[in-house]
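Asker: pasting a predicted model and its sequence here:
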Amino acid sequence: MPTEKQRREAAKRHLERQLVRRQEREARRRRITLISSIGGTIVLIAVIIVLVVVLGGSDNNNGKNNTASGASKTPSATATQTSSEPAPSATPSRSYPPAKGKAVSFDGVTVKGATDLKGIPQVTAKETTKPTKLEFKDLVVGKGAVANPRSTVLVQYYGVLYKNGKYFDSSWKRGQPASFPLTQVVPGFTQGIGGTKGVPPMRVGGRRIIIVPSALGYGSQPYSGIPANSDLVFIVDLKKVS
């Protein structure tokens, strides 16, 4: 039969074993908590990295698309929306002679060979009064299909600054007509061909002087040889409407 001393020592050893087991359980709990915390942090970091990569790729693609769209613009038919470049027709490039025949003047704009649709019109301009609305004069009245502001058109055009007649762009000089939707060009080009209040639409076979105030062109934004707040002049031959 154990003595009192032996019973106390046994109880002491039992208590020590309980304390050791309790410490071991606490240590395991802390390790599990730490591992769980580290795992959660790693997962969160991985999710953030994936989101950054995905969003970054999307931004890069948008940037590339915007660059491509901006790079396609030409001064004569810049889009206010997506693609502004007048798409060349399938007609092979060629050289055109200067237009022949009489000159016609209108509001400071003079066009030599005004009715010769086979040659490049010779255009001079000297702005006398700054226009507040779109002005036009038909040099040749077409008899074909009628354009509207939503038409896709095939045109020959010649563009100069109204202020001093400085040339900035021409489909004639590129050697072929240009095709584009009128919904994707500056408002003055859309209205001057497709028509608007006070401006009748052009018909296929026609040639028109169109004087575009800066508000209907590029406004305060300079673009490719066109200074900010420039009024523009276009001589437009309408070849086809679809």
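Answerer: All right, it came through fine.

Asker: which strand residues bridge the closest residue to A145 other than its chain neighbours?
Answerer: For A145, ignoring the flanking residues on the chain, the nearest one in space by CB to CB, 6 or more residues apart in numbering is V241 at 4.4 Å. For every residue, glycine as well, the C-beta is placed using N, CA and C. Taking DSSP bridges as the rule, V241 bridges to V153.

Asker: count of neighbours near V241?
Answerer: Neighbours of V241 under the rule other CB atoms under 10 Å: 22.

Asker: worst-scoring helix or strand of this structure, pLDDT-wise?
Answerer: Lowest by mean pLDDT, DSSP states H and E among the helices and strands of the chain is strand 87-88, with a mean of 43.

Asker: re earlier: list the contacts of the residue nearest to A145.
Answerer: By CB atoms under 8 Å, 6 or more residues apart in numbering, the residues touching V241 are G144, A145, V146, A147, S151, T152, V153, L154, V204.

Asker: identify the residues contacting stretch 96-116?
Answerer: Counting by CB under 8 Å, 6+ apart, stretch 96-116 makes contact with 117-129, 131, 135, 137, 139-140, 162, 172, 175, 207, 209, 211, 233, 235, all of which sit outside it.

Asker: rerun that using 6 Å as the cut-off
Answerer: Outside stretch 96-116, the residues that touch it by CB atoms under 6 Å, 6 or more residues apart in numbering are 119-128, 135, 137, 139-140, 172, 209, 233, 235.

Asker: might you list the low-confidence residue ranges for the chain?
Answerer: 1-23, 34, 36, 39-40, 43, 47, 50-93 (pLDDT under 70).

Asker: let's see that with 90 instead.
Answerer: Scanning the chain with the threshold set as pLDDT under 90 gives 1-95, 128-129, 221, 223-225.
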